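S.K.: Below are the sequence and a predicted model for it; my questions follow.
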Amino acid sequence: MLKRYCKSKNWKYNDIVSTVMLILLNRKPDHGYNIIHAVSDILGYSPTLNGMIYRLLAFFEANGVVRSEWQIEEASQPKKVYTITERGTSILRERIGVLRSQINRLKEILTLYEGGAQ
């Protein structure tokens, strides 16, 4: 199911959010709270974003896309830090390929709208 889900050409908001999450985790491991804020900064805030991100992190962890470990610091609450796995990196590459293809389609649509090639 994960492969089909990740290769879909009919992306939904959920796909965009999860791809942004993987991009962020590909840059550095992080905990859910920071991921929520980073995704919000990139895509704009949505009241459903908090729950969606934690559900996606749980889904990704259950499917080997990310792994987590608890980070315990004396001055703060324990935090679950997520790291992308090799499988997650591979899925991210696939998603970026689909995203690039969709961008090209959108450019073609804009060109058609603007009176370009016929």
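M.R.: Happy to help now that I have it.
S.K.: which is the next helix or strand following the helix or strand of the chain with the lowest mean pLDDT?
M.R.: Lowest by mean pLDDT, DSSP states H and E among the helices and strands of the chain is helix 2-7, with a mean of 48. Per DSSP states H and E, the first helix or strand lying C-terminal to helix 2-7 is helix 13-27.
S.K.: now that following helix, how far from the chain's geometric center?
M.R.: 1 Å (Cα atoms, centre = their mean, to the nearest Å).
S.K.: Residues contacting the next helix or strand after that helix, please?
M.R.: Downstream of helix 13-27, the first helix or strand assigned by DSSP H and E is strand 30-31. Residues from elsewhere that reach strand 30-31 (Cβ atoms under 8 Å, 6 or more residues apart in numbering): L24, A38, Q71, K79, K80, V81, Y82. Where you see a C-beta, it was placed from the backbone N, CA and C, and this is true even at glycine.
S.K.: And for stretch 73-85?
M.R.: Contacts for stretch 73-85 (Cβ under 8 Å, 6+ apart): 22, 25-26, 29-33, 35, 57, 60-61, 64-72, 92.
S.K.: buried residues in the lengthiest helix in the chain?
M.R.: Longest helix in the chain, counting residues (DSSP state H): helix 86-113. By 16 or more other Cβ atoms under 10 Å, the buried positions in helix 86-113 come out as G88, I91, L92, R95, V98.
S.K.: Would you confirm that the third one contacts L24?
M.R.: No: contact status for L92 versus L24: not in contact, 10.4 Å apart, counting by Cβ atoms under 8 Å.
S.K.: that older thread, quick one: which of the buried residues of helix 86-113 is nearest V17?
M.R.: Distances from V17 to the buried residues of helix 86-113, taken as Cβ to Cβ, are shortest for R95 (11.7 Å).
S.K.: shouldn't that closest one be in contact with T19?
M.R.: Yes: R95 lies in contact with T19 (Cβ under 8 Å); the separation is 4.8 Å.
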